[in-house]
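what's the 3D shape of this:
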Amino acid sequence: MATNDGYSPYPLGLSAADASAAIRRAYYLDDELAGFVRYTNADTAPSVINTMTGDLWYSTTLNKLFRAEVEGTTLIWFEV
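Numbering: from 1, shown residues only. Reported below is the predicted structural model:
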């Protein structure tokens, strides 16, 4: 995949799904992300009370990584 200006977001020739799977296998995310973002590894999503914009949640049920967006009392989880 590449853009018209030649930028290739996955220069290894992997798809986005393959790249994210490789990253999850290669690193222990709790340790890697501890100094940069708040990270939760759980079955259920953290509540709006315990979440700030940019926080990450790895759903152990879905095996997917999500990023939080908080606006007032509304919390939305976006898959990354």
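
for this protein, which helix is longest?
If you go by DSSP state H, the chain has its longest helix at helix 16-26.

mind checking how far it is from the chain centre?
Here helix 16-26 is found 11 Å from its chain centre; the criterion is Cα atoms, centre = their mean, to the nearest Å.

quick one: average pLDDT of that helix?
Throughout helix 16-26, pLDDT has a mean value of 76.

what's the next secondary structure element after the helix or strand of the chain with the lowest mean pLDDT?
Least confident helix or strand, the chain: helix 29-33 with a mean of 65, by mean pLDDT, DSSP states H and E. As assigned by DSSP states H and E, the chain's next helix or strand after helix 29-33 is strand 39-42.

strands paired with the helix or strand following that following strand, and their directions?
Using DSSP H and E, the helix or strand that follows strand 39-42 in sequence is strand 56-59. Under the criterion DSSP bridges, strand 56-59 sits next to strand 39-42 (parallel), strand 64-71 (antiparallel) in its sheet.

so for strand 56-59, mean pLDDT?
Mean per-residue pLDDT for strand 56-59: 92.

how far out from the middle of the chain is it?
Taking Cα atoms, centre = their mean, one finds strand 56-59 lying 6 Å from the centre of the chain it belongs to.

again with stretch 63-80
Relative to its chain's centre, stretch 63-80 lies at 9 Å (Cα atoms, centre = their mean).

so what touches stretch 38-45?
Residues outside stretch 38-45 that contact it (Cβ atoms under 8 Å, 6 or more residues apart in numbering): 29-30, 33, 46, 51-52, 54-61, 66, 75, 77. Where you see a C-beta, it was placed from the backbone N, CA and C, and this is true even at glycine.

okay, it in CSV with CA atoms only?
Extracted C-alpha coordinates of stretch 38-45, given in CSV (Å, rounded to 0.1, in the frame of the first residue of the first chain):
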residue,chain,number,x,y,z
ARG,A,38,-2.0,4.5,30.2
TYR,A,39,-2.6,1.0,29.0
THR,A,40,-5.2,-1.6,30.2
ASN,A,41,-5.2,-5.3,29.3
ALA,A,42,-8.7,-6.6,30.2
ASP,A,43,-11.9,-8.3,29.1
THR,A,44,-14.1,-5.2,29.5
ALA,A,45,-13.4,-1.6,28.6
